[in-house]
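Undergrad: I would like to see how this sequence folds:
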Amino acid sequence: MKKKIAILGSTGSIGTQALQVIEEHSDLYEARVLTANRQADMLIEQARKFLPQCVVIADESLYEKVRDALADTDVKVYAGADALCQVVQLPSVDVVLTALVGFSGLRPTISAIGAGKPIALANKETLVVAGELVTRLALEHHVPILPVDSEHSAIFQSLMGEGDNEIEKIILTASGGPFRKFTLDQLRDVTPQQALKHPNWDMGAKITIDSASMMNKGFEVIEAKWLFGVEPDRIQVVVHPQSVVHSAVQFQDGAVKAQLGVPDMRVPIQLALSYPDRLCSGFPRLDWYQMQDLTFERPDLEKFRCLQMAYRALEEGGNMPCVVNAANEVVNFAFRQGRCGFLQMADVIERTMDAVPFQRESTLEDYLACDAEARRIAESFLAK
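TA: Residues are numbered from 1 along each chain as shown. Reported below is the predicted structural model:
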């Protein structure tokens, strides 16, 4: 029996690579549900190639275009945010790969968990915003959450076979992005075009900017806390520009286990779908004779204050990670539009954290309200 996959965000970087994995192992996997936000043309192309049971275009204004283009197929077409929450509950879906960008991934992931669907998690913001709620629901519904991020997959792989052996420290590696060696003065003049050129990874625009500011690494720290039950002071970020060591775990006897490989997201995607098995693949292999130098550095929190804000949010807990995520989505988009400077992003995030009332415990409705309030406040700071 083929494993039937719902890919939320099939037109993005993770989604398109997941379809490559499914295509390579078409005897094992089938794309059952595909969704996109606004990339209607690509969604139509994917639907005609993979013939899923249904597709969802989140932007309702594009519904007729997608529906008409697929009218000669058996593919059902839906539109809107509510449809995303409904299709993940289809009885025919075996696994939900959440590859949506940002806060939009939260409600569909919770909906899938409620339906008992295993989650292959590529949307880190789900655990950043509501890690306590999501992990509790996953436990209640006996739903596994398998990490797709390369760093968290590396940690997961390093823990395989370790049973209850205590984790002393998680070493979360970071490339450092394109501005690792920039001075503060140079960072003030950084342009979106410069920030969108990541040295190692091919990612979407939002995540690439987050990587340049190191907010992406801050989010991964928060995600690691919820995935692996490790407190913030035991999660160490290490800048590793070559992106060969994807992350590591240090145990209480001092031994360190790491996962290495070429920067290729198809490897962790495939493992999340095939676990506990490892499948043969044609992906590039690591050439040990080409690795002349592997270097490791301490992150500069003065230059990359977004990482510092993420640590602060995790330590304060409650709704603060939700606030940081909302403010970051606002400033990330504003920076890409030229309405916000590179260093200004951290300033606005910090001011938003100080302005939004702290809430220790939150329901889904509380998180939705907090997200909206934090976005409003962050926008108001940008307008001044």
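Undergrad: is it true that Gly317 touches Gln359?
TA: No - counting by Cβ atoms under 8 Å, Gly317 does not reach Gln359; the two are 10.0 Å apart. For glycine as for every other residue, the C-beta is placed from the backbone atoms N, C-alpha and C.
Undergrad: Can you give me the distance of Leu271 to Phe179?
TA: For Leu271, the distance to Phe179 equals 31 Å [Cβ to Cβ, to the nearest Å].
Undergrad: Those two: which is more packed in?
TA: A count of neighbours by other Cβ atoms under 10 Å puts Leu271 above the other of Leu271 and Phe179, at 24 against 18.
Undergrad: and that one, what element?
TA: helix 266-274 (DSSP states H and E).
Undergrad: same question, Lys257
TA: With DSSP H and E as the criterion, Lys257 is inside strand 256-260.
Undergrad: Equivalent analysis for Ala327, please.
TA: Ala327 belongs to helix 320-337 when assigned by DSSP H and E.
Undergrad: Give me the helices and strands touching the very next helix or strand once past that helix, please.
TA: Sequence-wise, the next helix or strand downstream of helix 320-337 (DSSP H and E) is helix 344-355. Helices and strands touching helix 344-355, by 3 or more Cβ pairs under 8 Å, 6 or more residues apart in numbering; DSSP states H and E, are helix 305-316, helix 320-337, helix 364-383.
Undergrad: just checking, Pro144 touches Ala120?
TA: No - with contact defined as Cβ under 8 Å, Pro144 does not count as touching Ala120 (9.3 Å).
Undergrad: The two - which one has more neighbours?
TA: Ala120 (27 against 13).
Undergrad: Can you name the residues bridging to the more buried one?
TA: Beta bridges link Ala120 to Leu97, Leu146 when assigned by DSSP bridges.
Undergrad: what residues are up against it?
TA: Val95, Val96, Leu97, Thr98, Leu146, Val148, Ile269, Ala272, Leu273 (Cβ atoms under 8 Å, 6 or more residues apart in numbering).
Undergrad: what would those residues look like in CSV with pLDDT?
TA: Below are the contacts of Ala120 laid out as CSV (pLDDT from 0 to 100):
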residue, pLDDT
Val95, 98
Val96, 98
Leu97, 98
Thr98, 96
Leu146, 97
Val148, 96
Ile269, 97
Ala272, 97
Leu273, 97
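Undergrad: Give me the sheet partners of the strand holding Lys257 and which way each runs.
TA: Checking strand 256-260 against DSSP bridges gives partners strand 245-251 (antiparallel).
Undergrad: got the contact list for the strand it pairs with?
TA: 150-155, 158-159, 162, 165-173, 256-261, 294.
Undergrad: Any of the residues you listed buried? List them.
TA: When the contacts of strand 245-251 are checked for burial by 16 or more other Cβ atoms under 10 Å, the buried set is 150-155, 158-159, 167, 169-173, 257-259, 261.
Undergrad: quick one: which of those residues sit in helices?
TA: Here DSSP state H is the test, and the buried ones among the contacts of strand 245-251 give Ser150, Glu151, His152, Ser153, Ala154, Ile155, Ser158, Leu159 as lying in helices.
Undergrad: I'd like those laid out as CSV, including pLDDT and distance to Glu365.
TA: Formatted as CSV, those follow (pLDDT from 0 to 100; distance: Cβ to Cβ, whole Å):
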residue, pLDDT, distance to Glu365
Ser150, 94, 33
Glu151, 96, 31
His152, 97, 28
Ser153, 97, 32
Ala154, 98, 35
Ile155, 98, 32
Ser158, 98, 37
Leu159, 97, 34
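Undergrad: sorry, back to before: between the contacts of Ala120, identify the one with the most neighbours.
TA: Busiest of the contacts of Ala120 [other Cβ under 10 Å] is Leu97, holding 30 neighbours.
Undergrad: Wait, it touches Ala6, no?
TA: Yes - contact criterion Cβ under 8 Å: Leu97 and Ala6 qualify, at 6.9 Å.
Undergrad: Measure how buried Glu297 is and give me the count.
TA: The number of residues near Glu297, taken as other Cβ under 10 Å, comes to 12.
Undergrad: hmm, I was thinking of Gln193
TA: 8.
Undergrad: Which secondary structure element is home to it?
TA: helix 192-195.
Undergrad: quick one: Glu223 and Ala122 touch, right?
TA: No - with contacts counted by Cβ under 8 Å, Glu223 stays clear of Ala122, the gap being 10.7 Å.
Undergrad: Touching both of the two, which residues are there?
TA: Asp149.
Undergrad: Tell me which of those two has more neighbours.
TA: Ala122 (31 against 26).
Undergrad: follow-up on the earlier one: need the ones in helices among the buried ones among the contacts of strand 245-251 in CSV (columns: distance to Gly341).
TA: Formatted as CSV, these follow (distance: Cβ to Cβ, whole Å):
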residue, distance to Gly341
Ser150, 29
Glu151, 28
His152, 31
Ser153, 34
Ala154, 33
Ile155, 34
Ser158, 38
Leu159, 40
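Undergrad: Just name the closest of those to Cys322, please.
TA: Of all these, His152 has the smallest distance to Cys322: 19.7 Å, by Cβ to Cβ.
Undergrad: Name the nearest residue to the closest one, ignoring sequence neighbours.
TA: Leu227 (5.9 Å; Cβ to Cβ, 6 or more residues apart in numbering).
Undergrad: How about Val221?
TA: Using Cβ to Cβ, 6+ apart, the closest residue to Val221 is Ile235 (5.1 Å).
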